[in-house]
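>>> Everything below, folded, please.
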Amino acid sequence: RDRIRLHLLLPGTGAEALASQATAAVADGFTAVKFDPLPADYGDVSLARLVAETEAATAAVRDTVGRDVDLLVELHRKLTPLQAEAVIPALGRHHPLLVEDPIQIDSISSQAEVARRALGVPVANGERLHTIWEFKELLAQGGAQYVRPDIGLAGGLSHCRKIAALAEAHHSAVVTHNCLGPLLTMASVHLDATIPNFVVQGYSPLDDQLADGPARACGRREGGFLPLPQEPGLGVTLDLDGAAPLDLTGRPLTRIPLRADGSVAYAV
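Residues are numbered from 1 along each chain as shown. As a prediction, the model looks like this:
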């Protein structure tokens, strides 16, 4: 391929905000968007309300963008396997490209079982897995699904190329996870361009802002796609002299989401 398809990460919460951001993304040329439709108080609501509000937010995006845009539903490891069994089929009515990371990653077999039991709804896993052996267990137990290796976490270009080949042997596709920033984004482009089972790569508006910073990307986004870099190396020019520190975390890592009863809602 001579260009890399992107899905835009929508930061909003709630049906109205997500629908508005999805509209803007499509107008900007994106053919796929990713979002978290769970209610803000997901840890304290009844199962019925959890399912209803999550589906409503997903429906709002689908109704806004129509049938020509792929939806990637990001659940951020917030559900238990039993909750996932109720939520995922409801989202299937809106035909998402995938439902990502519905449960915690502490058990490969549990992740695989959720994927295997989500009949009719493709599941994606792997953004926090590190080795080809973890992906091997996931695919062997859970069958074909989308895998999400991150070049910054899973051994770099060489190891992620092996993970992609392993996925190909299981009829699985790669949706490259991207911890963002020009270096990882452009490195991921190189992987995407050289594997047959690539589908779409994550992208954030932050990358547009950082592209002219200390790590200057030689390629620029064109609508919902990134062209392949023509320069030597990754296609990034480093100029770190005088570069100011930049907080990319998004929230203090000590701020742990809690339920109303004081228990931990989920662990990142």
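>>> host element of the nearest residue to residue 171 once chain neighbours are set aside?
Closest residue to residue 171 apart from its sequence neighbours, by CB to CB, 6 or more residues apart in numbering: residue 144 at 4.4 Å. In short, each C-beta sits where N, CA and C put it, glycine included. Under DSSP states H and E, no helix or strand contains residue 144.
>>> list the contacts for residue 144?
Residue 144 makes contacts with 170-172, as judged by CB atoms under 8 Å, 6 or more residues apart in numbering.
>>> Just after the one helix or strand in the chain whose mean pLDDT sits lowest, pick out the following helix or strand.
Across the helices and strands of the chain, the lowest-confidence element by mean pLDDT, DSSP states H and E is strand 215-217, at a mean of 75. Where DSSP H and E defines the elements, the next helix or strand beyond strand 215-217 is strand 225-227.
>>> would you turn the contacts of residue 144 into CSV with neighbour count and distance to residue 53?
Listed next are the contacts of residue 144 as CSV, based on neighbours: other CB atoms under 10 Å; distance: CB to CB, whole Å:
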residue, neighbour count, distance to residue 53
170, 18, 34
171, 11, 34
172, 23, 31
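>>> Helices - which of the residues you listed land there?
Among the contacts of residue 144, no residue falls in helices (DSSP state H).
>>> Name the nearest of those residues relative to residue 241.
Nearest to residue 241 among the contacts of residue 144: residue 172, at 43.2 Å, using CB to CB.
>>> Check what contacts the longest helix anywhere in the chain and list those residues.
Across the chain, the longest stretch assigned as helix under DSSP H is helix 47-65. Contact with helix 47-65 is made by 14-16, 18-19, 22-23, 26, 33, 35, 37-39, 42, 45, 71, 73, 83, 86-87, 90-91, 93-96, as judged by CB under 8 Å, 6+ apart.
>>> Which of those residues are buried, as a ChimeraX select command?
The following ChimeraX line selects those of the contacts of helix 47-65 that are buried, judged by 16 or more other CB atoms under 10 Å:
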select :15,18,19,22,26,33,35,37,38,39,42,45,71,73,83,87,90,91,94,96
